[in-house]
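**Q** Got a predicted structure plus its sequence, pasted below:
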Amino acid sequence: MGINPFDFKWELNPGESFTTPEGIIVYSENGMNEMSKTFHKLFRERVARGEWRDKERPILVNNWEATYFDFDEDKIVAMASKAKDLGFELFVLDDGWFGKRNDDKTSLGDWFPNLDKLPNGIKGLGERVVNEGIRFGLWFEPEMISKNSKLYEEHPDWILGVSNRKLSMGRNQYILDLSKPEVRKYIVDILSERFSEAPISYVKWDMNRNMTEVTYRDLPHKYILGLYEILETLTKNFPHILFESCASGGGRFDAGMLHYMPQVWTSDDTDAIVRLNIQHGTSLAYPLISMGAHVSDIPNHQTARKTSLETRNNVAAFGNFGYELDLLKFDEETGANVTKYLDFYKNNRKLIQFGDFYRLESPFEGNSAAWMVVDKEKNEALVGHFTILASPNPGYNAKVILKGLNPDKKYSINGEFEAYGDELMNVGIVFPQPDRYFSKDSETQDFKSRVFKLKEVK
């Protein structure tokens, strides 16, 4: 059950053994939410490990959608300083800091700093960022190699592929053959140099293309075993680093990777409305603390959709929270609002990252989505409700029925009214009717969201 037998072959010599990957089966007699709670507890408390397993995760800002490849040291430090002032806890430098990397056609494998952009190297940049009072993180794609790179010039034989045959290029890159011990050693050594020289506390580990030219039937399995060996070494030698897995987003969101990297960048699509489906679906098996969820710019870079800052924050808050846009463009009012959203997340971070998660309404089945998180004692909860498209005269259908509360406890909802748990789990929270008429220049009533904080009334 834990391995795909298609085109798979493994030769066993006398006295040798083969262990298949483990499969996980979950049973629930109380529906999908109960099944998910079992998965969440298993992945969060047992599959994940290391220093970061039980720690609250930092709120980060990533420069990718703000700068792409166009940055220098001073700009990055300015962004990090602004991030600290707004209340962020971690600044992450994404792609473009290494080799001669000014576009996506070069330098993968050359994990040494681009001195044209970073004259003081990663060490100097990292120290400047940390001196601003914020943690420093860095992006890598260690399993890949560009044809235009120093590494390819020296080791063209390290590519995953068939010798004397034309290789398929994907995203302007090839894959390194991790079944080779010398390749694994190179990756461990070069990354260890970077981790040791700079104050790096977070690593985003990307893997951006599918595997092709798998030459032998046992190679995919050997590749993953090689990857695990690399990660075993690096996570043991650098236990203070929080590793986040990424594969064009969630392309490799699995329990094996969570063992080494307790969180995953859920998707490269950061549009809040698309993220309703992505995060809802991912939550079937994976806990919120494992799901990277970021606020990005508008119009969104993937869909060109415009959604309010409030809705973008409310969606991303039900995950491992962060931002991915240019903070230097914020005016004073926007900056103040961002700080307010960050403070809200900090005040509810423990609840979101370690509470019990419930799906209330599915975006796959209707015009809305709704989620909630409840603490173990059922003393507090956070509820998010998201309307996708506006509809006329919604009447009393505009409500959300809650789950997971103590039916005998009384709860305050946003400090505005009180209700018992049994009332909230049977009647629900009824929303006020929206205004019937809007001026011609009013903003859209699509993509609205509401967040409710519940606290037990003693």
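**A** Perfect, I can see it now. Since the structure is predicted, the reported quantities are computational estimates derived from the model, not experimental observations. Numbers count the residues shown, from 1 in each chain.

**Q** which other helices and strands contact the helix or strand harbouring V383?
**A** In this assignment (DSSP states H and E), V383 forms part of strand 380-387. Where contact means 3 or more CB pairs under 8 Å, 6 or more residues apart in numbering; DSSP states H and E, strand 380-387 is packed against helix 309-316, helix 332-354, strand 356-361, strand 368-374, strand 448-456. Yep, even glycine has a C-beta here, placed from its N, CA and C like the rest.

**Q** Find the residue at the geometric middle of this protein.
**A** Nearest to the mean C-alpha position of the chain, counting by CA atoms, centre = their mean, stands G292 at 2.0 Å.

**Q** Now that residue: closest residue in space, sequence neighbours ignored.
**A** Distances taken as CB to CB, 6 or more residues apart in numbering place W265 nearest to G292, at 4.2 Å, with adjacent residues excluded.

**Q** Go ahead and confirm the one you found touches E244.
**A** Yes - taking contacts as CB atoms under 8 Å, W265 lies within contact range of E244: 6.0 Å.

**Q** joint contacts of those two?
**A** Taking CB atoms under 8 Å, 6 or more residues apart in numbering as the contact rule, W265 and E244 both touch 204, 292.

**Q** Identify the residues contacting D297.
**A** Contacts of D297 by CB under 8 Å, 6+ apart are 65-66, 324-326.

**Q** hmm, try it at 10 Å
**A** For D297, the contact set (CB atoms under 10 Å, 6 or more residues apart in numbering) comprises 65-66, 270, 312, 323-326, 329.

**Q** Okay, and which of those map to helices?
**A** 65-66, 312 (DSSP state H).

**Q** Just give me the closest of those residues to E45.
**A** Nearest to E45 among the ones in helices among the contacts of D297: R312, at 30.3 Å, using CB to CB.

**Q** For the closest residue to L389 other than its chain neighbours, grab the count of nearby residues.
**A** The shortest distance from L389 to any residue other than its chain neighbours is 5.1 Å, reached at D446 (CB to CB, 6+ apart). Close neighbours of D446, defined as other CB atoms under 10 Å, add up to 16.

**Q** W10: what's it in contact with?
**A** If you count contacts by CB under 10 Å, 6+ apart, then W10 has 3, 16, 18, 20, 217-218, 221-222 around it.

**Q** Could you report the separation of it from E324?
**A** Separation of W10 from E324 (CB to CB, to the nearest Å) stands at 42 Å.

**Q** Then N379?
**A** For N379, the distance to E324 - CB to CB - is 33 Å.

**Q** Neighbour count for these two, which is higher?
**A** E324 (23 against 16).

**Q** Correct me if wrong: the more buried one contacts D269.
**A** No - if you go by CB atoms under 10 Å, E324 and D269 don't touch, sitting 11.5 Å apart.

**Q** Find the residues that touch each one of the two.
**A** 296, 301.

**Q** what bits of the stretch 351-458 of the chain have low per-residue confidence?
**A** The model of the stretch 351-458 of the chain has pLDDT under 70 over residues 394-397, 433-442.

**Q** same check, this time on the chain
**A** Within the chain, the stretches falling below the threshold (pLDDT under 70) are 1, 394-397, 433-442.

**Q** tell me the domain boundaries of it?
**A** 31-355, 361-456 (automatic domain parsing).

**Q** Please identify the most buried of those domains.
**A** domain 31-355 (a mean of 19; mean count of other CB atoms under 10 Å).

**Q** now that one, how far from the centre of its chain.
**A** 7 Å (CA atoms, centre = their mean, to the nearest Å).

**Q** what's the straight distance from one end of that domain to the other?
**A** 18 Å (CA to CA, to the nearest Å).

**Q** Enumerate every residue touching the residue lying closest to S290 once chain neighbours are set aside.
**A** Of all residues not flanking S290 in the chain, Q263 sits nearest, at 5.1 Å (CB to CB, 6+ apart). Residues in contact with Q263 (CB under 10 Å, 6+ apart) are 48, 52, 57, 202, 204, 242-246, 257, 286-292, 319-320, 353.

**Q** hang on, the earlier thing: dump the strand holding V383 to CSV, restricted to CA.
**A** The C-alpha coordinates for strand 380-387 follow below in CSV (Å, rounded to 0.1, in the frame of the first residue of the first chain):
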residue,chain,number,x,y,z
GLU,A,380,-12.4,29.7,22.9
ALA,A,381,-12.8,29.3,19.2
LEU,A,382,-12.2,31.2,16.0
VAL,A,383,-14.6,31.1,13.1
GLY,A,384,-14.1,32.3,9.5
HIS,A,385,-16.9,32.7,7.0
PHE,A,386,-16.2,33.5,3.3
THR,A,387,-18.8,34.5,0.7
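
**Q** All further residue positions should be reported with the first residue as 21.
**A** Will do, 21 is the new start, and the previous item becomes strand 400-407.

**Q** Could you figure out how far it is turned away from strand 388-394?
**A** Calculated by axes from the mean of the first three to the mean of the last three CA atoms, to 10 degrees, strand 400-407 forms an angle of 170 degrees with strand 388-394.

**Q** Please tell me how far the helix or strand following strand 400-407 is from the chain's geometric centre.
**A** Once the chain leaves strand 400-407, the next helix or strand it forms, by DSSP H and E, is strand 419-420. The chain centre lies 28 Å from the centre of strand 419-420; the measure is CA atoms, centre = their mean.

**Q** residues in contact with strand 419-420?
**A** Residues contacting strand 419-420 (CB under 10 Å, 6+ apart): 380-381, 388, 390-392, 403-405, 444, 447-451, 470, 472.

**Q** What of stretch 232-243?
**A** With contact meaning CB under 10 Å, 6+ apart, stretch 232-243 is reached by 23-24, 26-31, 38, 40-41, 163, 179-183, 185-190, 194-200, 231, 245-246.

**Q** can you give me the end-to-end distance of that stretch?
**A** First residue to last in stretch 232-243 (CA to CA) measures 12 Å.

**Q** now do stretch 185-193
**A** End residues of stretch 185-193 are separated by 16 Å (CA to CA).
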